[in-house]
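Chemist: Quick one, structure for this:
(chains A and B)
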Amino acid sequence: MEVLVRTWMESITKAFYIAKKDAKVYYFKAPNFTYGLLMPVSLFLAFSISGQINSNLIVSGLTSLVILFGTTSIEAVAVVLERQTGTLDRLLVAPVSFFTLILGKALAGLFFGLVLATAILVPLSIISGTGVANPLLALATIASSSLTFSGLGALVSVYAEWVPEAQMLSNFLRLPMAFLSGTFVPLEFMPFQLRVVARFLPLTYSVEALRISMSDSAITATYWLDILVLAMFSFAFFVIAAKVLQKKIE
Amino acid sequence: MKAVVKTQGLTKQYGDIVAVDHVELEVFEGEIFGLLGPNGAGKTTTIRLLTGQTKPTSGVAIVANRDIIHESTKAKERIGVVPEVSNLYDEMSAWDNLIFAAQLYGVPRNERDRRAKELLELFGLYKRRKDHVGSFSKGMKRRLTIATALIHKPDILFLDEPTTGLDVQSSRTIRNLMKELNEGGTTVFLTTHYIEEADQLCQRVAMINQGKIVAVDNPEKLKAAIEELHVIEVSFSPSGDFWDRLRGLKYVSNISLVGDKFRLHVEDASEVIPLLIDFSKENNLRIVSINTLKPSLEDAFVKITGLSPEVMATEKEPIKREKGGSVG
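Modeler: This next block holds a predicted model:
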């Protein structure tokens, strides 16, 4: 048992070091912030202008979209870039498991998502007057969402062979998700079939949990269920990404 | 002697292509072991198999007393790997690259700085420690790659073509460093297509061709094994392309060109020397020099593999790697 705990602690520590390195090398660069914010803000403005969106939904929806686009944009190419520059071999020859490697990559996305989401949530909630009723729960939602979308990005990244393929794949997943997850149109206004589809998309749970944590109403079981589903999505993405990477290397 | 690398029937197949074919190797503690072969012979695949970067199709490899397939992480803790192309993070400083490697290999926090400083000083890079690696020359990058592979004091250091693509001075520095490391107790496993490098550095050499090991022994024994083979080195004036005509001479089994000298592998030197004198007269040539030589490792390689030495001189296509940028 003691050995197992020590092994896990070592894995998490190494994942943290990989994340720190990724943050330095790939994430915290001005163009990445711009892209992470630009795309979702543009989409939202387009819908807001057409009057098809309730202004109360803007803050939570936009924040979730920023996390989705911000984290996946870089995460989806992180492994591809490492493969192209040969640095992936540096990680593969080190005593690091595939799961640790993917976890490290996703943790970098988690930090980036936290920074990006805070950068948009704080000013927007003040300007719009919506406020954030439960800041801690909002933070937990942002963290869970960032980890989930980073996991999704990592999965795309291990699958893709080169950067344009990774970008195409991530857009193929992100764009439908942006429209079908209750971001622009609340789920209750969507047809039944689309509501069923929405339940298979992680962004739905992110938007829902963020709305609950921002509202004054009491925290319901739905919030905790949303967080649980996001955690399950994260774990599934990490495990599958690690397996795909292992398969590809071997 | 204790074997620190031992393989049995190690095989790697990519579709129909057998890159490594039932390789049986033993590398002993404290030696410099060379895997010598032309490009495409299976050297890099062998090193990738031994360092857990790819899984064999069949066979077993025990590295640092661990099964590299089933106890990969444990085995990796005891080995250092230097790839053919330096794989450092260009955006990070030399210091940060070393510290990151130390973190991955679990070097205790209080030892990291001391170890990084020691290695940077040993490799003559301490003054450039704060500079981004992207600004380094190829030789400096190679030295830093070796330094990062040594950060955790590995038992075995694997180097894939360590001097390929480097200038003469950098190559010499790297070779001296390998000797020094070996004298300090590190077992060195290197691949090379430079016969001279294998001859100068390695205590034992395995010759590999088309994925198969064709000979393993120390360089002197490999040379001694072909001592019945005679080698004559001859140069003519005026110099010219006499290749085909010389090949046509009786008793000549192989021929190569070293500078302006023709190196003839012959069955009996005493029979061939008069023929060469006749040849020079018939072609109005003057013999500038003529020597009989002891077989070199190159001669042994030619004899054992049946390949011409020119095959070994062929450099690999440079590996093109894209640089990462911002993304969308």
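
Chemist: did I read that right, A:Gln193 in a helix?
Modeler: Yes. Assessed by DSSP: H, G, I helix; E, B strand; the rest coil, A:Gln193 belongs to a helix.

Chemist: residue ranges of the helices in chain B, please?
Modeler: Taking DSSP state H, the helices of chain B run over residues B:43-50, B:72-76, B:94-104, B:109-122, B:138-150, B:168-183, B:195-201, B:219-224, B:243-247, B:269-282, B:297-305, B:309-313.

Chemist: export those helices to a markdown table and tack on mean pLDDT and distance to chain A?
Modeler: Where C-beta positions appear, they are placed from N, C-alpha and C, glycine not excepted. Putting the helices of chain B into a markdown table (pLDDT from 0 to 100; distance: least, Cβ to the nearest Cβ, whole Å) gives the following:
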| stretch | mean pLDDT | distance to chain A |
| --- | --- | --- |
| helix B:43-50 | 94 | 9 |
| helix B:72-76 | 93 | 4 |
| helix B:94-104 | 96 | 4 |
| helix B:109-122 | 93 | 10 |
| helix B:138-150 | 92 | 8 |
| helix B:168-183 | 87 | 18 |
| helix B:195-201 | 86 | 22 |
| helix B:219-224 | 79 | 29 |
| helix B:243-247 | 79 | 40 |
| helix B:269-282 | 86 | 49 |
| helix B:297-305 | 76 | 29 |
| helix B:309-313 | 62 | 25 |
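
Chemist: The ones you listed into a markdown table, with extra columns for mean neighbour count?
Modeler: Below are those laid out as a markdown table (neighbours: other Cβ atoms under 10 Å in any protein chain shown):
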| stretch | mean neighbour count |
| --- | --- |
| helix B:43-50 | 25 |
| helix B:72-76 | 20 |
| helix B:94-104 | 24 |
| helix B:109-122 | 15 |
| helix B:138-150 | 23 |
| helix B:168-183 | 15 |
| helix B:195-201 | 20 |
| helix B:219-224 | 17 |
| helix B:243-247 | 13 |
| helix B:269-282 | 15 |
| helix B:297-305 | 22 |
| helix B:309-313 | 16 |
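
Chemist: Distance to B:Lys2 added to those helices, as a markdown table?
Modeler: Formatted as a markdown table, these follow (distance: least, Cβ to Cβ, whole Å):
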| stretch | distance to B:Lys2 |
| --- | --- |
| helix B:43-50 | 17 |
| helix B:72-76 | 16 |
| helix B:94-104 | 27 |
| helix B:109-122 | 26 |
| helix B:138-150 | 21 |
| helix B:168-183 | 16 |
| helix B:195-201 | 21 |
| helix B:219-224 | 21 |
| helix B:243-247 | 47 |
| helix B:269-282 | 43 |
| helix B:297-305 | 26 |
| helix B:309-313 | 32 |
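
Chemist: and A:Leu114, which of those helices is closest to it?
Modeler: Nearest of those to A:Leu114, taken as Cβ to Cβ: helix B:94-104 at 22.0 Å.

Chemist: now that closest one and helix B:138-150, what's the angle there?
Modeler: Counting by axes from the mean of the first three to the mean of the last three Cα atoms, to 10 degrees, helix B:94-104 lies at 30 degrees to helix B:138-150.

Chemist: Show me what helix B:94-104 is packed up against.
Modeler: If contacts are counted by 3 or more Cβ pairs under 8 Å, 6 or more residues apart in numbering or on different chains; DSSP states H and E, helix B:94-104 sits against helix A:2-22, helix B:109-122, helix B:138-150.

Chemist: name the element the residue lying closest to A:Trp162 once chain neighbours are set aside belongs to?
Modeler: Among residues not flanking A:Trp162 along the chain, A:Val80 sits closest, at 6.2 Å (Cβ to Cβ, 6 or more residues apart in numbering or on different chains). Following DSSP states H and E, the helix or strand that holds A:Val80 is helix A:55-85.
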